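1. show me the folded form of this:
(one chain, ligands or ions: 1)
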Amino acid sequence: MTFLEYPDREMLMMALADAIASELRQALDLGDRATLSVPGGTTPGPVFDILSALDLDWDRVFVLLNDERWVPEDSPRSNTRLLRERLLRNRAAAARLVPLYAPADTPEAVMAELTRGVEAALPITVLLLGMGADMHTASLFPGADHLAEALADDAPPLMALRAEAAGEPRITLTAPVLRDAMHCHILITGGEKRDALERAETLPELQAPVRCVLKNATIHWAP
Ligand SMILES: O=C1O[C@H](COP(=O)(O)O)[C@@H](O)[C@H](O)[C@H]1O
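-> Numbering: from 1, shown residues only. As a prediction, the model looks like this:
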């Protein structure tokens, strides 16, 4: 794991967007397409704003969420909505969104269809993850009903999980898909998450799911 500390959040977001863009460019120079997987939540908006304006062959980039909350796309809780409002605009409007949501009562009802879309976009070229202060990443929450299966090496790429702390049901990429990414960045801000990350290094994955990706990750932190 590499830990990068920035003096402030603005500098972090600029440096991180720059790193992601150069990794995507490099992959697009060598191949036909690249896949960028990104988190939802409250932290990544500014990095999406910067990325959306960058000059890249976006029409050759698949954009895939790490995870989604099972809410309609017009909900303020929808990670897809965040993506559409902050990343998939300006130049990045040409990118291809791989959906992690389809209107249905439960994620299980559309799992086969969503999994097919995800499989077509794998492996992930650049993985950007967030982390909660409870040490969850993507929707791999401590205490989630199927967490052990989602952390296993033979997990399917996409799973539905439910956890008390998660609120609504979740759909999430699983540990083997996350670990298989070519480049892995974790974006965290504030003292509480820094302390949580330090704690995660001492705990088993079931208590600190973020641990499943730490080995090869670059952590980007600002106060
Ligand atoms: O629920 C979620 O939480 C994590 C962390 O979000 P943040 O608001 O603390 O930045 C996020 O990475 C994940 O994608 C999201 O679904």
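2. ok, which stretches of this structure are strands?
-> Listed in chain order, the strands of the chain (DSSP state E) span residues 2-5, 34-38, 61-65, 67-69, 96-98, 126-129, 158-161, 170-173, 183-189, 217-222.
3. save these as TSV, and put in mean pLDDT and mean neighbour count too.
-> No exception for glycine: its C-beta is placed from N, CA and C like everyone else's. Compiled in TSV, those are given as follows (pLDDT from 0 to 100; neighbours: other Cβ atoms under 10 Å):
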stretch	mean pLDDT	mean neighbour count
strand 2-5	98	12
strand 34-38	98	26
strand 61-65	98	22
strand 67-69	98	25
strand 96-98	98	17
strand 126-129	98	26
strand 158-161	98	23
strand 170-173	98	27
strand 183-189	98	22
strand 217-222	98	20
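4. now tabulate those strands in CSV and tack on distance to the ligand.
-> Converted to CSV, these look like this (distance: least, Cβ to the nearest ligand atom, whole Å):
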stretch, distance to the ligand
strand 2-5, 17
strand 34-38, 8
strand 61-65, 7
strand 67-69, 5
strand 96-98, 15
strand 126-129, 6
strand 158-161, 11
strand 170-173, 7
strand 183-189, 8
strand 217-222, 13
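5. quick one: closest of those strands to Glu119.
-> Closest to Glu119 of the strands of the chain is strand 158-161 (Cβ to Cβ; 8.6 Å).
6. and the helix ranked longest in the chain, what's its mean pLDDT?
-> The helix of greatest length in the chain, counted in residues with DSSP state H as the criterion, is given as helix 9-30. For helix 9-30, the mean pLDDT works out to 98.
7. so what touches that helix?
-> Under the criterion Cβ atoms under 8 Å, 6 or more residues apart in numbering, residues 4, 6, 34, 36, 46-47, 50-51, 54, 56-57, 60-61, 125-126, 128, 182-183, 185, 187, 189, 218, 220-223 lie in contact with helix 9-30.
8. can you rerun that using 7 Å?
-> If you take Cβ atoms under 7 Å, 6 or more residues apart in numbering as the criterion, helix 9-30 is touched by 6, 34, 36, 46-47, 50-51, 54, 56-57, 60-61, 125-126, 128, 183, 185, 187, 189, 220, 222.
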